[in-house]
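*Asks:* Structure of the sequence below:
(one chain, ligands or ions: 1)
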Amino acid sequence: MTGTPPPFRSGFVCVVGRPNAGKSTLTNAIVGQKVAITSGRPQTTRHVVRGIVHRPDAQVVLVDTPGLHRPRTLLGERLNDLVRDTLSEVDAVVFCLPSDQRVGPGDRYIAQQLTALAESRAATPVVAVATKSDLVPKGRLAEHLMAIAELGEWADIVPVSAVGGYQVDTLVDVLVGHLPPGPALYPDGELTDEPEAVMVAELVREAALEGVRDELPHSLAVVVDEITPREGRDGSDGSPPFLDVRVHLFVERDSQKAIIIGKAGSRLREVGSQARRGIEALLGAKVYLDLHVKIAKDWQRDPKQLRRLGF
Ligand SMILES: Nc1nc2c(ncn2[C@@H]2O[C@H](COP(=O)(O)OP(=O)(O)OP(=O)(O)O)[C@@H](O)[C@H]2O)c(=O)[nH]1
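*Replies:* Purely as a prediction, here's the structure:
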């Protein structure tokens, strides 16, 4: 049988739910321990990227969304705007409802916000997740799923145990099914551990903006693709370890790319050596820093997606 393969899908997903609902544990279970980081937040992106799932058929970018990640802050006065802005910029929402708790006022509150949003805009699919399903017997889980179904209009309802690994892959499959067709939003590659990568990205961003802050206000996003030990130079023989660090700088326009790169690459070399010194000090290693400057419009043509990335 021949047929066209399903399209590659990509998009931003935010995980919401009341405190202690299991959001962080679920996020970690979905992405594993590896995360990719964009720097310069909050100026460059409104969302903090928590992790990226790379698959042959899809890329899922999990983001923290101010206001919804921690429902407490929803009580602020900008509540409605914030929620609307936030949710209109993601492609799907995961709404966590812990199985070991009855559906309560906190859940209903978030459900109302999500429903109001779905009514006011092109519906952002919301996948309701019964988290911590390992903590309750089957009968109780069934009741919980019914209570969730009554709470609102969900694109899907999936019981999951992030701790037991139960249905985490199923949830990812379901999410991918709700994402729009589109190319990967971030380069693939070995992703790195968060704190180091954040600091590396910040050092590069600092160096790249040095002296040109007015010309490149917020149009610069820095993504650390890879931090890998050079083969045979891991420091085990007593010499300093050596790391290959690959970083992408995304700008908006040709003119901005020209500013970063400078005449015959002179400025980019300065940026590289300044950032490299900082990174070497930070990581306690010799570093080969590989900087790539790209224009985001070549990388993602859709203005809506650029806006989501903070351009
Ligand atoms: N048994 C079990 N416990 C879980 C599971 N997922 C999360 N937990 C526990 O529930 C507690 C809260 O989980 P978190 O992931 O921190 O919840 P959160 O929604 O991010 O919490 P806030 O940051 O307060 O909003 C932790 O003690 C987790 O270990 C699960 O699938 N099974």
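
*Asks:* Need phi/psi at residue 25.
*Replies:* Here is the backbone geometry of residue 25 (degrees, to the nearest 10): phi -60, psi -40.

*Asks:* Tell me how far the closest residue to it other than its chain neighbours lies from the ligand.
*Replies:* Among residues not flanking residue 25 along the chain, residue 162 sits closest, at 4.4 Å (CB to CB, 6 or more residues apart in numbering). The way it works is simple: take the backbone N, C-alpha and C, and place the C-beta from them, glycine included. Note on residue 162: its distance to the ligand, by CB to the nearest ligand atom, to the nearest Å, is 4 Å.

*Asks:* swap in residue 257?
*Replies:* Residue 257 sits 39 Å away from the ligand, going by CB to the nearest ligand atom.

*Asks:* I'd say that residue and residue 293 touch.
*Replies:* Yes - contact criterion CB atoms under 8 Å: residue 257 and residue 293 qualify, at 5.3 Å.

*Asks:* Walking through this protein, point out its strands one by one.
*Replies:* Remark: strands assigned in the chain by DSSP state E are 9-16, 48-54, 58-64, 92-98, 126-131, 156-159, 221-229, 242-251, 286-295.

*Asks:* Quick check: residues of this protein near the ligand?
*Replies:* Contact residues, the chain versus the ligand (CB under 6 Å from any ligand atom): 17, 19-25, 70, 131-132, 134-135, 161-163.

*Asks:* Got a PyMOL select line for the buried ones in the residues you listed?
*Replies:* Applying 16 or more other CB atoms under 10 Å to the residues of the chain next to the ligand, the buried members can be selected in PyMOL as follows:
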select buried, resi 17+21+22+23+131+132+134+135+161+162+163
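
*Asks:* State the pair within the residues of the chain next to the ligand that is farthest apart.
*Replies:* Greatest spacing in the residues of the chain next to the ligand, by CB to CB: 70 and 134 (24.3 Å).

*Asks:* Report the beta-bridge partners for residue 227.
*Replies:* residue 245 (DSSP bridges).

*Asks:* pLDDT below threshold where in the chain?
*Replies:* For the chain, the stretches with pLDDT under 70 are 1-2, 32-50, 64-88, 118, 120-122, 187-195, 217-219, 297-311.

*Asks:* how does it divide up, domain by domain?
*Replies:* 9-178, 194-308 (automatic domain parsing).

*Asks:* of all those domains, which gets the most neighbours per residue?
*Replies:* domain 9-178 (a mean of 18; mean count of other CB atoms under 10 Å).

*Asks:* was I right about residue 296 contacting residue 221?
*Replies:* Yes - counting by CB under 8 Å, residue 296 does reach residue 221; the two are 7.3 Å apart.

*Asks:* Can you add distance to residue 145 and give the strands of the chain back as a markdown table?
*Replies:* As requested, those are exported to a markdown table (distance: least, CB to CB, whole Å):
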| stretch | distance to residue 145 |
| --- | --- |
| strand 9-16 | 18 |
| strand 48-54 | 25 |
| strand 58-64 | 23 |
| strand 92-98 | 9 |
| strand 126-131 | 6 |
| strand 156-159 | 6 |
| strand 221-229 | 38 |
| strand 242-251 | 42 |
| strand 286-295 | 45 |
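
*Asks:* between the ones you listed, which one is nearest to residue 211?
*Replies:* strand 242-251 (15.4 Å).

*Asks:* list the helices and strands that closest one packs on?
*Replies:* helix 194-209, strand 221-229, helix 254-261, strand 286-295, helix 296-299 (3 or more CB pairs under 8 Å, 6 or more residues apart in numbering; DSSP states H and E).

*Asks:* Mind exporting the C-alpha coordinates of that strand to PDB?
*Replies:* The C-alpha trace of strand 242-251 is given here as PDB (Å, rounded to 0.1, in the frame of the first residue of the first chain):
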ATOM      1  CA  PHE A 242      37.800  20.000  26.100                       C
ATOM      2  CA  LEU A 243      34.200  20.700  25.100                       C
ATOM      3  CA  ASP A 244      32.600  21.400  21.800                       C
ATOM      4  CA  VAL A 245      29.800  24.000  22.300                       C
ATOM      5  CA  ARG A 246      27.500  24.700  19.400                       C
ATOM      6  CA  VAL A 247      25.200  27.700  19.600                       C
ATOM      7  CA  HIS A 248      22.600  29.200  17.200                       C
ATOM      8  CA  LEU A 249      21.900  32.900  17.300                       C
ATOM      9  CA  PHE A 250      18.600  33.700  15.600                       C
ATOM     10  CA  VAL A 251      18.000  37.200  14.300                       C
END
